[in-house]
Structures are given as C-alpha cells and as structure tokens.
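>>> Got a predicted structure here, sequence first:
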Protein chains: 2
Amino acid sequence: MPDRNLSGDFPVAEFETRLKNAHAAMHAEGIDALFFNSEAEIRYFTGFRTLFWQSPTRPWFLVIPRDQKPIAIIPEIGRALMRDTWIDDIRSWSSPHAFDDGISLLTSALKPYQTIGMLMGRESALRMPLRDFIILKDKLSGAEFIDASPTVQRLRMVKSSEEIELIDEICAIASTSFENAANLFHVGMPLDDAFRAFRMDLLARGADDVPYLVGGAGQNGYSDVISPPSATPLREGDILMLDTGATLRGYYCDFDRNYAFGQASDDAKRAYRNLIKATQAALKIARPGSRCKDLHAAMQKVINQEANDVGRFGHGLGMQLTEAPSLIQFDETLLEENMVITLEPSLSLGDNKIMIHEENILIQDGPPRHLSRLAPEELPILST
Amino acid sequence: MPDRNLSGDFPVAEFETRLKNAHAAMHAEGIDALFFNSEAEIRYFTGFRTLFWQSPTRPWFLVIPRDQKPIAIIPEIGRALMRDTWIDDIRSWSSPHAFDDGISLLTSALKPYQTIGMLMGRESALRMPLRDFIILKDKLSGAEFIDASPTVQRLRMVKSSEEIELIDEICAIASTSFENAANLFHVGMPLDDAFRAFRMDLLARGADDVPYLVGGAGQNGYSDVISPPSATPLREGDILMLDTGATLRGYYCDFDRNYAFGQASDDAKRAYRNLIKATQAALKIARPGSRCKDLHAAMQKVINQEANDVGRFGHGLGMQLTEAPSLIQFDETLLEENMVITLEPSLSLGDNKIMIHEENILIQDGPPRHLSRLAPEELPILST
C-alpha cells in the first residue's frame, strides 16, 4: 500500500528466519504453541509496529503453532495495519468488548495444543487483564502453560544484519547529537530546556522518536540516573548526564554522556576516568565465549567499590531499551556473535552522588564493533 | 533537592486527597490493602515519575494498606527518586536479582492483609513476571486477591484542578502546533519528515515529550489510524491525519486533525462535516448525568453507519493516552464534573478508507470546557 511501509521495516525473509528459529526451539523444548501478548514479541514475529500500544485499552495476541505461521488475534482497529505484514491468518474482534475481549478467539486458536509456551519469567509482563488470562486457563484446562522466557530471550538476543544496521544507524545519530553538546547546552539553561533541545537535535538528525531521555545535573555529580528534568538552570561546576534511548523503525540506541560546565573537581575527573577504564576492560574481553558475569567482573575490578544502586553494568539492546542478558554477577549467558549489548559501569561519588557511563557495542569475531562512538577518555568540560 | 523537582509535579495535598479517596473506597468495598505494579497507579499515589519504565527489566510495587500511607517496594535504582516524593516507607532491593526480585519484600508487606485489591480487569496488565505473581499468591495462600480495576478507574476518572491545568496546557500547546500546519507540512514532504517536523514543533512550544504520534495520508483518505509514517511524499489531493499524545509532566493531550492538500473530493468534505456534526451532538449532551453510551449514541446517530474498526467514539484522558471510561454502547458510566474525555467519532469512506476526528473536553456544570481548540467546521485545505 502506498501510504505506509510497514512490511518495509524488514524483508519477509527476516521473519521467515525468526520463525524457523522459533520452530526449532519449540521442537527442542517440546512446546506445541507459543502464545504472546506483548508488543516486542508480536512485532518481532509479525513486523506489526505501532505506537498504539501506548493505549492500554485493548489486548493483542499472537499464537505460533509448531510448524505453522503465526496467527494474529487482534482488535479490529489493528486489522488494516496487520494486513500489511507477512501474516496471513488474522482473526479480529470489535474491541473494547462488553464481555469477551478476544478470549473466545484466543481459546479457539490455542485449543489444539497441549504444551503452551509463554513469557512468565524475568523481564516479562502479562499485557492483558489477569482476569482474562485466568478465564483462558480455565477454558484450556487440559493444556499446560510453561515459561518460554529464556527460549524467546535467547532468540531475540542474537541480532540479524538488518537489525544491527538499524541499531548502528540510531547510535550514529545519537553520537552526533552528543558531540553537538557544546552548541546545545549552556550555563543558565533550565535542565528541562536542555532535555528539549537534545530531543529536537536527535529528531533533526533523523531519529524517529526519543522514547527514553533521563539524566541529572548537579555540582560535581548527580544524585540519580532515572529522573525527568527539573527546571533548575545549569550552573558553572555542574556535571550534566544525559542518557537516551532514541529509536529508528522501532530499534533503540541506549547510551549516555557526561559533561562538566567550566570546571570539575579532581574527584569527578578521576571517577570519569575510572568509568572509561572499566569500559575498556570490558571491551577487551567482549568476545564470543565470554560470559556476561565475566564482563561484570572485569568492570567491577576497575571500579573497586561496593555495588551501588544501579545493580548491573550493562544489558542487551534492540527492540527494547533494555533486553536480556544482564552484565551482572549471576548472569552466565555466553556472549555470541551478533549480540548487541551496552557496557554501563557506574560508581558512587559519596554524598549520595553517582556517575554512570554507557557505550553500545556489537559482539563479533574479534574485537567488538563500537556502535556508539566512544566517549572521550577525559571528562569533557564545556566552556561557559 | 535542587537538581530535580519531582514532588513539584503536585503539592503534597494532592496526594493526600488521592489517598483519602482510595481509603474511603477501600472501606466501602472491604479491601484491606491495594497492591499495584503499574506505572500509572504507582505515579498516581506517590508522584514517582520516570521514563525508566521503558526498561522492562525491573518490577516495581506499591502497597496501600487501609488507613495507612503507601509503602513503596522498589528496586534500589529508584530509591533516590522515590525519596523525593511524599512517601516515607520505601523498601528496596538490588535488582535484577538472581532469584528473588522483590517478592519476599512484597510478601512481607502484604502478609497482614486478607482481602487484597489489585488491577485484574478491563484495560489493566500485570507489569511483573507472571511466575513471580504465582509465587506471591502461593506465599499468601490465606489472602484473597480481588479485582479493584473499577474502583481505581473511578478514582482516576475525576481529575483535580491541578491535573486539569496540566492537560489544559498540553492541549493548548498541541492546538497551536496543529494551527501551524500550513508552515509545517507541504506537498513533496515525506510523511516521516512531516511527523518529525510536528514532533519538533510540539517540543519547541513546550511539550515535554511526544510519546504518541500516529496518522496517515492518502488520496481522499487514509486506510488506518494507528500507523507509523512511511517515507512516501505528500501529494496534491492527499488527506493527512495526525493524532498526537504529547505530554506535560506526565499528563497527555490526545486529539487529531485532518488536512487536505490543494483540493479534496466532495465525499471527503462531507465526511469531515459529518464528523464535526457528530462532535457537536456529543458536546451538546456532555454534561454531568449523561452516560458514556448516550454520547456514543448521539454521535452514532449523526454518523449513521455500521460500526467501523475503531470500535468506540472517545475515552478518558489523563496520565495515560487512553483511560476509562469508553464512549461505547455498553459503557454505562455517568459523566461527572471534572472528568476529562475525548470525543472521537470516525467513519468509513469506502474503499478501505476511514476518517477520524478528535477533541478533548472537560466535563463541568453546564457546557463542557474545550481543552483542544475546536477544529474548523470545514476540512482545512492547505495550499500547495
């Protein structure tokens, strides 16, 4: 159709490969059908991409039977858009519905299957009313619902060349915006205006959207790393941190940058250098065959502090701002070629202040590819 | 704290009122504690606002015991930000965790209570791993979990004057951006660039964020209303529709506008006029005491068509792009003073095309207040 280009996010072959890999995993694990209700997984297997998920009103379902193409069970409002994907079997109902918001259709689609895999584990949510899920389980009392989270995460962790290209492109856009900091931010500017200017710069350089932008600013450090901005003006001696997840066709970058205004304390400069060294230590061993916990340990050794509130030193990246795996003590995941991860060491500066640094990389045979252009090795000081 | 201003979204009195109303509802319905795991409800009762919810990794919990202040049970990464709200009792753990992502802490907090209200119904989701919820239920086998969705939706439907002010302000910003269409959009412009230009205009005029922007363009109509943009250039004779949910301090506007380029068919002009008339019919009866289904019926009568794929003609608006109630046949909700709703009639144009129009209003004693500045009564035609 001329007026949109959804299937155009990826060639059909991309979805065929995703499905083939899912089918293989289902065979290996004795799963008869996969059942999804979440944005990322439905998009992953169909190509269905819309911001309409912002509306919590309607549930959306996907069923992938073993050896068959996915079945979309969706509200009528999504029918036209789903028709534009590679999916053939689209079953829809008028939603919101007085008493049956897709549950009868979903029950019929799942009826033939005994072992149904769904997301129940780490990092997952049930994106449908719990009451309706209980009704579904009652109607399918002969079936067993098992946790397919690790299986699906394993599939999504390793990116295709098409996915890598999108992440690479959005990382390049964000790198350029960050490198433009001296033109965007200045002393006296309210922090929320700095955020606004940064969002606009990302969009002007080609980002589709900026779903994530957090940060902080304060004298020689900031107190947390997930805040929205206040209207407090930037001051000489502030350190400003911006952490952004901008998107291109639904794929994210996720990295941050730190800037000092006019001057910085030796402590702040030293902390920044330590974060860079921690990143370098991780870069050195970020190879297929290393484990996530090894990268965490390498960064922890440089930081040489008790754990802080952030709790991990990086994570997977792709269709979501954060994805499995985690760079943390207990994550045994083996890095593989074509995984995209963030390296995100952080440290306490005392006085309830913290500093955090983040880069995005692609695991490949040999040294990793830098997707974000690496930050300077010394804390950048913007003139005031 | 000088470097952010979260509690500053609202005075503490706002949260005290919200809590008082929740406590009254809990007494009336025999609920001993409310349990939440969702962004909107946790923000509603605490003021905790962060885009960090974009990361699916960590669960967040809030418990509101009858007659007590809320207890936040959250990952350590959110502790600093939560300390900046009016909440005193903050219990946190290092998340992600190898095997206990907050469930022990949550179990202890809920242990004293018999009847636990949570969101299970229409428009809700379980924003935590299902597996962990099952563990929680097992650990609290003496407790009964009941659906508090209607109760909580009723509380959130009626807005405070502070909430109304924010929605009013973001609606005014979006109205101005839409009125600037002739400067933003032109024939030959790729649709995705038009989206980008509109996002930037909203930000430049003071929007914090544009989490929702969908639309379509095509000759004499568009084929769906939830699409992201293609790169297809706008053409003479196209009708462009943009529907935006921009935000200010976490509160949304949600309305759309239609524009024709150079010319439009009589069918398209007539369809547009019908949508305006439908909106006017709803405006006439949008008063305290009318039911949502009455507004739907008034619009349906003007449209005089079979139902189309959209399925409803408006909805509540506030902290989320769409909230209860729904303007639909089966929604018996009585409108009350200080509800904010959208009027969103839509119609089929044939040939798989559709047209949709939306306004945002405040229900008050007497005629509703227009939050979005009403669209012109005739389809605006932009010169090419």
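In hand now; what should we look at? Not measured: the values here are computed from a predicted model.
>>> does chain B sit close to stretch A:260-280?
No. Applying CB under 8 Å from any CB of the partner chain, one finds stretch A:260-280 out of contact with chain B, separated by at least 13.2 Å. Yep, even glycine has a C-beta here, placed from its N, CA and C like the rest.
>>> same question, stretch A:336-346
No. Applying CB under 8 Å from any CB, one finds that stretch A:336-346 is not in contact with chain B, the shortest distance being 9.6 Å.
>>> and that stretch, how far out from the chain's middle?
In terms of CA atoms, centre = their mean, to the nearest Å, the centre of stretch A:336-346 is set 12 Å apart from its chain centre.
>>> now do the same end-to-end measure for that stretch.
End-to-end distance of stretch A:336-346: 25 Å, with CA to CA, to the nearest Å as the criterion.
>>> Going by neighbour count, which residues of that stretch are buried?
For stretch A:336-346, the buried set under the neighbour-count rule, 16 or more other CB atoms under 10 Å in any protein chain shown, comprises A:338-346.
>>> Just to be sure, A:A375 is in a helix?
No. Following the definition DSSP: H, G, I helix; E, B strand; the rest coil, A:A375 is coil and is not counted among the residues of a helix.
>>> Skipping its backbone neighbours, what lies nearest it in space?
Taking CB to CB, 6 or more residues apart in numbering or on different chains, and ignoring the residues beside it in sequence, A:A375 has A:R257 as its nearest neighbour in space, at 5.9 Å.
>>> Count the neighbours of that neighbour for me.
The local packing of A:R257 (other CB atoms under 10 Å in any protein chain shown) involves 22 other residues.
>>> Partner strands of the one helix or strand it maps to, with direction?
Take DSSP states H and E as the rule and A:R257 turns out to sit in strand A:255-261. Each strand that pairs with strand A:255-261, with its direction, by DSSP bridges: strand A:238-248 (antiparallel), strand A:381-382 (parallel).
>>> Kindly reformat these as JSON lines containing mean pLDDT and mean neighbour count.
JSON lines is the format used below for the strands paired with strand A:255-261 (pLDDT from 0 to 100; neighbours: other CB atoms under 10 Å in any protein chain shown):
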{"stretch": "strand A:238-248", "mean pLDDT": "97", "mean neighbour count": "24"}
{"stretch": "strand A:381-382", "mean pLDDT": "97", "mean neighbour count": "16"}
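>>> on that earlier part again, ok, of the buried residues of stretch A:336-346, which one's closest to chain B?
Distance from chain B was checked for each of the buried residues of stretch A:336-346 by CB to the nearest CB. The minimum falls on A:S346, at 9.6 Å.
>>> what's the residue nearest to A:Q153 when sequence neighbours are not counted sitting at in phi/psi?
Leaving out its chain neighbours, the residue that sits closest to A:Q153 by CB to CB, 6+ apart is A:A324, at 4.0 Å. Backbone geometry at A:A324, expressed as degrees, to the nearest 10, gives phi -60, psi 150.
>>> so A:A324 makes contact with A:M157?
Yes. Taking contacts as CB atoms under 8 Å, A:A324 lies within contact range of A:M157: 6.2 Å.
>>> The two: which is more packed in?
Neighbour tally, A:A324 and A:M157, criterion other CB under 10 Å: the higher count belongs to A:A324, 25 against 20.
>>> Now for that one: which residues touch it?
With contact set as CB atoms under 8 Å, 6 or more residues apart in numbering or on different chains, A:A324 has these partners: A:122-123, A:153, A:156-157, A:315-316, A:333.
>>> try 7 Å
Taking CB atoms under 7 Å, 6 or more residues apart in numbering or on different chains as the contact definition, A:A324 lies against A:123, A:153, A:157, A:316.
>>> Greatest separation within the residues you listed: which pair is it?
Taking CB to CB as the measure, those span a maximum distance of 11.8 Å, between A:E123 and A:M157.
>>> Remind me which helix or strand the nearest residue to A:P367 once chain neighbours are set aside belongs to.
Closest residue to A:P367 in three dimensions, ignoring its sequence neighbours and counting by CB to CB, 6+ apart: A:L283, at 7.2 Å. Per DSSP H and E: A:L283 is located in helix A:266-285.
>>> Let's see that helix as PDB, backbone CA atoms only.
The C-alpha atoms that make up helix A:266-285 are tabulated as PDB, following Å, rounded to 0.1, in the frame of the first residue of the first chain:
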ATOM      1  CA  ASP A 266      39.600  16.200  40.700                       C
ATOM      2  CA  ASP A 267      37.300  13.600  42.200                       C
ATOM      3  CA  ALA A 268      34.800  13.900  39.300                       C
ATOM      4  CA  LYS A 269      37.600  13.700  36.700                       C
ATOM      5  CA  ARG A 270      39.100  10.600  38.400                       C
ATOM      6  CA  ALA A 271      35.700   9.000  38.600                       C
ATOM      7  CA  TYR A 272      35.100   9.600  34.900                       C
ATOM      8  CA  ARG A 273      38.500   8.100  34.100                       C
ATOM      9  CA  ASN A 274      37.700   5.100  36.100                       C
ATOM     10  CA  LEU A 275      34.400   4.500  34.300                       C
ATOM     11  CA  ILE A 276      36.300   4.800  30.900                       C
ATOM     12  CA  LYS A 277      38.900   2.300  32.200                       C
ATOM     13  CA  ALA A 278      36.100  -0.100  33.300                       C
ATOM     14  CA  THR A 279      34.600   0.200  29.900                       C
ATOM     15  CA  GLN A 280      38.000  -0.500  28.300                       C
ATOM     16  CA  ALA A 281      38.400  -3.600  30.500                       C
ATOM     17  CA  ALA A 282      35.100  -4.900  29.300                       C
ATOM     18  CA  LEU A 283      35.800  -4.100  25.700                       C
ATOM     19  CA  LYS A 284      39.000  -6.200  25.900                       C
ATOM     20  CA  ILE A 285      37.100  -9.400  26.800                       C
END
